[in-house]
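Engineer: I would like to see how this sequence folds:
(chains A and B)
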Protein chains: 2
Amino acid sequence: MAHEHDGRPGTRRITPRAEPGAKKERIIRVAVDFFGRDGYEPTRWADVAAEVHIGSTALYHYFESKQHCLFEIMSRTLDEVLERFDRIVASHDDWTAALVDALVASFDLTDEDVLKLRVLTAQHGRVATPRPTPREEAARQRARGRKRELELGWAAFLARGMEEGALPQSDPKLLARALLGLYNSVWTWYRPGGTLPLPEVARFYVGRQLALLGLDPALADARLETFARA
Amino acid sequence: MAHEHDGRPGTRRITPRAEPGAKKERIIRVAVDFFGRDGYEPTRWADVAAEVHIGSTALYHYFESKQHCLFEIMSRTLDEVLERFDRIVASHDDWTAALVDALVASFDLTDEDVLKLRVLTAQHGRVATPRPTPREEAARQRARGRKRELELGWAAFLARGMEEGALPQSDPKLLARALLGLYNSVWTWYRPGGTLPLPEVARFYVGRQLALLGLDPALADARLETFARA
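Structural biologist: Numbering: from 1, shown residues only, chains lettered A, B, ... in the order given. Next comes the predicted model:
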């Protein structure tokens, strides 16, 4: 996703009347791009405003600060991750089929998805610190809550696998943390457009996630074939 | 490690003449405590200065900024991790014995060690962004270099295990990243004084690390017994 340079000298563009919410979506898309590619800390909030062609007063209508926008990005990313996880778990009667589908689908991502996961992983620690203003604090608590829901959702799912005898017994909460920790570590080094294609990363990591769970690493091979061809 | 309140009203303390370097060590110890417990972002550099009873001019002699100090903490932590890893690998003829020792020893940590690992893990992304001043930039490059050395050291060690037939074949560089990623994820949630004692965390994670590598998770059980009793 390249930055849009619709304000570049020499180009002119008739901006259509924005729908309500469209501006906010655009701010978030541009912020994901900056935070995900250049990093959150080096990005100045004014750079995002300039890219979206919005003044600081109008920007404040949507977000109080760079960090407020960050929390919103984190919550939305976790919303998407949770929605996909719940949908996959609900769509399978067989526990192992649901597991394989959930693990592989976690790597079926657009470049923008990857940037969001990079931001989420790199800045996860910020959800632990209370914020001084009500809007920021509400956004922080929502992001923190969604993060916990994802951990609890995985822990409950793993516990079900243990009850059904499909997964070796262990502490489901610690196991969920370990599984998510291994997954999140990918986004500390993987960047869109890197030398390793995402289907190869998926093949390697899903095999290692299955091994970590005490299952056959080849369980997902057939599902990974479909993924790589898509 | 409690903050030392040697400047608390009502207490007086004759400060012995500091040895050269002692002040710097104290700044680092206090910064590790603040960054590791409260977080790097919410800690103000002035809070560290106040705790060490040092003026901003004198502080600047040691560190140009909070971030400069952070890079020094990261480098030192990685120095210690690398030193331990190299020592353990050199002290075993048997590859598997070296692996088990290296994995278990990574959890044999003081509270201060844990805080350093929390800081290292939470702020790892900052080593990717060039800094504007020569001192900060040199500190950043050193931290980044040590991080790479650790990854390369593990990759070389895992490749040796594969050559010797002690470890199933796979990509040693990706496997090193996965193994370190799983390990680092512990320090995103584990805090000194939490409900789960460190030997229990070690037992769980070392087993999962061995499984991830495709080895018997029980390989380290005897070594873990010694660790838990120590």
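
Engineer: contacts, neighbours, all on C-alpha from now
Structural biologist: OK.

Engineer: what is the mean pLDDT for the lengthiest helix in chain A?
Structural biologist: The single longest helix within chain A, with elements called by DSSP state H, is helix A:134-163. Averaged across helix A:134-163, pLDDT comes to 98.

Engineer: again with stretch A:63-71
Structural biologist: 96.

Engineer: What are the contacting residues of that stretch?
Structural biologist: Residues from elsewhere that reach stretch A:63-71, judged by C-alpha atoms under 8 Å, 6 or more residues apart in numbering or on different chains: A:28, A:31, A:44, A:45, A:127, A:135, A:136, A:139, A:140, A:143.

Engineer: For it, buried residues please.
Structural biologist: Neighbour-count burial for stretch A:63-71, with 16 or more other C-alpha atoms under 10 Å in any protein chain shown as criterion, is recorded at A:63, A:66, A:67, A:68, A:69, A:70, A:71.

Engineer: Show the backbone phi and psi for residue A:188.
Structural biologist: Main-chain dihedrals, residue A:188, degrees, to the nearest 10: phi -80, psi -20.

Engineer: In contact with the closest residue to it other than its chain neighbours, which residues?
Structural biologist: In space, and not counting its chain neighbours, residue A:188 is closest to residue A:118: 6.3 Å by C-alpha to C-alpha, 6 or more residues apart in numbering or on different chains. By C-alpha under 8 Å, 6+ apart, the contact set of residue A:118 is A:36, A:187, A:188.

Engineer: residues near the second one, how many?
Structural biologist: Summarising burial for residue A:187: neighbours were counted as other C-alpha atoms under 10 Å in any protein chain shown, giving 18.

Engineer: Next one: the nearest residue to it once chain neighbours are set aside relative to residue A:134, how far apart?
Structural biologist: Computed as C-alpha to C-alpha, 6+ apart, the closest residue to residue A:187 that is not its neighbour in sequence is residue A:118, at 4.9 Å. When distance is defined by C-alpha to C-alpha, to the nearest Å, residue A:118 is 26 Å away from residue A:134.

Engineer: Which helix or which strand is home to the residue most central in space within chain A?
Structural biologist: A centroid search over chain A (C-alpha atoms, centre = their mean) returns residue A:117, at 3.5 Å, as the residue closest to the centre. Under the criterion of DSSP states H and E, residue A:117 resides in helix A:111-122.

Engineer: picking that back up, and the longest helix of chain A, what's buried?
Structural biologist: Buried-residue list, helix A:134-163, by 16+ other C-alpha under 10 Å: A:136-144, A:146-147, A:150-155, A:157-159, A:161-162.

Engineer: swap in stretch A:215-226?
Structural biologist: So for stretch A:215-226, counting by 16+ other C-alpha under 10 Å, buried means A:215, A:217, A:219, A:220, A:224.

Engineer: Going by distance to residue A:59, which of those residues wins?
Structural biologist: residue A:224 (42.7 Å; C-alpha to C-alpha).

Engineer: Tell me how far that closest one lies from residue A:198.
Structural biologist: Using C-alpha to C-alpha, residue A:224 is found at 11 Å from residue A:198.

Engineer: What is the helix-or-strand element of chain A with minimal mean pLDDT packed up against?
Structural biologist: Within chain A, confidence by mean pLDDT, DSSP states H and E is lowest for helix A:221-229 among all helices and strands, at a mean of 83. Here helix A:221-229 touches helix A:95-105, helix A:198-212, going by 3 or more C-alpha pairs under 8 Å, 6 or more residues apart in numbering or on different chains; DSSP states H and E.

Engineer: wait, which of those is closest to residue B:205?
Structural biologist: Evaluated with C-alpha to C-alpha, the helices and strands packed on helix A:221-229 place helix A:198-212 nearest to residue B:205, the distance being 9.7 Å.

Engineer: Which positions within the closest one qualify as buried?
Structural biologist: A:198-199, A:202-212.

Engineer: Turn the contacts of residue A:118 into TSV, columns for distance to residue A:111 and pLDDT.
Structural biologist: Putting the contacts of residue A:118 into TSV (distance: C-alpha to C-alpha, whole Å; pLDDT from 0 to 100) gives the following:
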residue	distance to residue A:111	pLDDT
A:36	10	96
A:187	12	97
A:188	15	95
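
Engineer: contacting residues for the residue nearest to the residue nearest to the centre of chain A when sequence neighbours are not counted?
Structural biologist: Using C-alpha to C-alpha, 6+ apart and skipping the chain neighbours, the partner closest in space to residue A:117 is residue A:187 (6.3 Å). Residues near residue A:187 by C-alpha under 8 Å, 6+ apart: A:114, A:117, A:118, A:121.

Engineer: Would you confirm that the first one contacts residue A:191?
Structural biologist: Yes: using C-alpha atoms under 8 Å, residue A:114 is in contact with residue A:191, at 7.3 Å.

Engineer: Tell me which of these two has more neighbours.
Structural biologist: Higher neighbour count among residue A:114 and residue A:191: residue A:114, with 21 against 18, using other C-alpha under 10 Å.

Engineer: and stretch A:174-185, is it in reach of chain B?
Structural biologist: Yes: Stretch A:174-185 is in contact with chain B by C-alpha under 8 Å from any C-alpha of the partner chain, via A:174, A:178, A:181, A:182, A:185.

Engineer: burial measure for the fourth one, as a count.
Structural biologist: Meaning residue A:182. Using other C-alpha under 10 Å, residue A:182 has 26 neighbouring residues.

Engineer: ok, now the last one?
Structural biologist: For residue A:185, the neighbour count with other C-alpha under 10 Å is 22.

Engineer: what is the mean pLDDT for the one helix or strand it maps to?
Structural biologist: Using DSSP H and E, residue A:185 sits in helix A:172-186. In this model, helix A:172-186 has an average pLDDT of 98.

Engineer: now that helix: how far from the chain's centre is it?
Structural biologist: Relative to the chain's own centre, helix A:172-186 is displaced by 14 Å; criterion: C-alpha atoms, centre = their mean, to the nearest Å.

Engineer: Stretch A:151-166 too?
Structural biologist: Centroid displacement of stretch A:151-166 relative to its chain, using C-alpha atoms, centre = their mean, is 22 Å.

Engineer: next one: stretch A:84-91
Structural biologist: 16 Å.

Engineer: Any chance you could list what contacts it?
Structural biologist: A:98, A:99, A:101, A:102.

Engineer: thought the third one was touching residue A:223?
Structural biologist: Going back to what we said before, that points to residue A:101. Yes: contact criterion C-alpha under 8 Å: residue A:101 and residue A:223 qualify, at 7.4 Å.

Engineer: phi, psi of residue A:81?
Structural biologist: Residue A:81 adopts backbone torsions of phi -60, psi -40, taken as degrees, to the nearest 10.

Engineer: Please identify the buried residues of the helix or strand where residue A:70 lies?
Structural biologist: Under the criterion of DSSP H and E, residue A:70 resides in helix A:66-90. Within helix A:66-90, the residues that count as buried by 16+ other C-alpha under 10 Å are A:66-79, A:81-82, A:85-86, A:88-89.

Engineer: what about the nearest residue to residue A:121 once chain neighbours are set aside, how many neighbours?
Structural biologist: Counting by C-alpha to C-alpha, 6+ apart, residue A:121 lies nearest to residue A:184, which is 6.2 Å off, once chain neighbours are set aside. By the criterion of other C-alpha under 10 Å, residue A:184 has 19 neighbours.
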